[in-house]
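# Sequence plus the predicted model coming up.
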Amino acid sequence: MTIQTASDHLAIAVQTRTELDGALDRALEILKPVAVLEGVGILVTRLSPGRYEARLNAELPPGMTRESWGTSSDEPR
């Protein structure tokens, strides 16, 4: 399991399904204090098998965490 911190998101990489829940829980633990302080939600996006991104999202209500499948907002669509 790897969690890399960028200026505006966390990049999460796991090798097995067993690692996934723990990695996503850890990413949310890191982001929740900032999300509460800024009054925003958290968006978790599955980019590909074993690769996820978690970021603050002002379009989501405070306290909400949403999961999606798709591309990173940093990648061209």
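It's in.

# and the most centrally placed residue in the chain, how far is that from residue 10?
Closest to where the C-alpha atoms of the chain average out (CA atoms, centre = their mean) is residue 54, at 1.2 Å. Distance, residue 54 to residue 10, using CB to CB, to the nearest Å: 5 Å. Glycine gets a C-beta too; all of them are placed from N, C-alpha and C.

# Excluding chain neighbours, what is closest to residue 39?
Nearest residue to residue 39 in three dimensions, chain neighbours excluded: residue 62, at 4.7 Å (CB to CB, 6 or more residues apart in numbering).

# re earlier: touching both of residue 54 and residue 10, which residues are there?
The contact sets of residue 54 and residue 10 overlap at 27, 31 (CB atoms under 8 Å, 6 or more residues apart in numbering).

# Tell me how far residue 29 lies from residue 49.
Distance from residue 29 to residue 49, by CB to CB: 23 Å.

# Contacts only, for residue 2.
If a contact means CB under 8 Å, 6+ apart, then residue 2 has 11, 12, 13, 14 as its contacts.

# Could you tell me the phi and psi values at it?
When read as degrees, to the nearest 10, the backbone of residue 2 gives phi -130, psi 130.

# mind listing the strands for the chain?
Assigned by DSSP state E, the chain shows strands spanning 2-5, 9-13, 41-48, 51-57, 65-69.

# Dump the ones you listed into CSV; add mean pLDDT and distance to residue 33 as well.
Below are these laid out as CSV (pLDDT from 0 to 100; distance: least, CB to CB, whole Å):
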stretch, mean pLDDT, distance to residue 33
strand 2-5, 74, 14
strand 9-13, 93, 13
strand 41-48, 95, 11
strand 51-57, 95, 11
strand 65-69, 91, 14
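
# Just tell me which of the ones you listed ends up closest to residue 34.
Each of the strands of the chain has some distance to residue 34 by CB to CB; the shortest is strand 51-57, at 6.4 Å.
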